[in-house]
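Colleague: can you look at this prediction? I've put the sequence above it.
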Amino acid sequence: MRKLLLGAVPASAALLLGLVAAPAHAAENPLYTTGARAFVNTYSGQVEVCDTRADGRRAVALAVNVTRGRILGYPEDMNGANGCTPQSGTGQGAALDRFWHTPSRNDEIRLEVWIQDGEGGAQENFTWTTLYY
């Protein structure tokens, strides 16, 4: 019995290490910049942007599924106050297929976030990262 128990310990330890060392997914890694935060929801694939300062500037995010070559989301918080805004439909496929935005496992996602002053304002505090869904 002792041999069996000792033999199981390394296997379970390896399994635990494998879970800890697994790559993080998009919703587990929100992307921050001064004045904004963005993330991709793991379950729905929707992109959300949050304005983190009531400074009158818009928080904007863009997520592109690099693997599939389509825009995942382009949400924009237009009221310039604290709050979060999920994306609305993006692209022709979104109107026809409710799963248009849902990435497949291990799809490469480029997530960008920035703030801007008004609709035509320049990007400020721009940052981006690559995530895997």
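Modeller: Yep, it's here.
Colleague: quick one: the strands in this protein?
Modeller: Remark: strands assigned in the chain by DSSP state E are 31-33, 36-40, 47-51, 58-65, 70-73, 76-77, 83-86, 108-116, 124-132.
Colleague: can I get the ones you listed in JSON lines with distance to T102 and mean pLDDT?
Modeller: Glycine gets a C-beta too; all of them are placed from N, C-alpha and C. Below are the strands of the chain laid out as JSON lines (distance: least, C-beta to C-beta, whole Å; pLDDT from 0 to 100):
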{"stretch": "strand 31-33", "distance to T102": "20", "mean pLDDT": "94"}
{"stretch": "strand 36-40", "distance to T102": "10", "mean pLDDT": "91"}
{"stretch": "strand 47-51", "distance to T102": "12", "mean pLDDT": "90"}
{"stretch": "strand 58-65", "distance to T102": "10", "mean pLDDT": "91"}
{"stretch": "strand 70-73", "distance to T102": "9", "mean pLDDT": "85"}
{"stretch": "strand 76-77", "distance to T102": "21", "mean pLDDT": "87"}
{"stretch": "strand 83-86", "distance to T102": "14", "mean pLDDT": "82"}
{"stretch": "strand 108-116", "distance to T102": "12", "mean pLDDT": "94"}
{"stretch": "strand 124-132", "distance to T102": "15", "mean pLDDT": "94"}
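Colleague: got a markdown table for those, with mean neighbour count too?
Modeller: A markdown table is the format used below for the strands of the chain (neighbours: other C-beta atoms under 10 Å):
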| stretch | mean neighbour count |
| --- | --- |
| strand 31-33 | 18 |
| strand 36-40 | 24 |
| strand 47-51 | 24 |
| strand 58-65 | 25 |
| strand 70-73 | 22 |
| strand 76-77 | 19 |
| strand 83-86 | 15 |
| strand 108-116 | 21 |
| strand 124-132 | 15 |
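Colleague: bridging residues for G83?
Modeller: Beta-bridge pairing of G83 under DSSP bridges involves D51.
Colleague: many thanks, have a good one.
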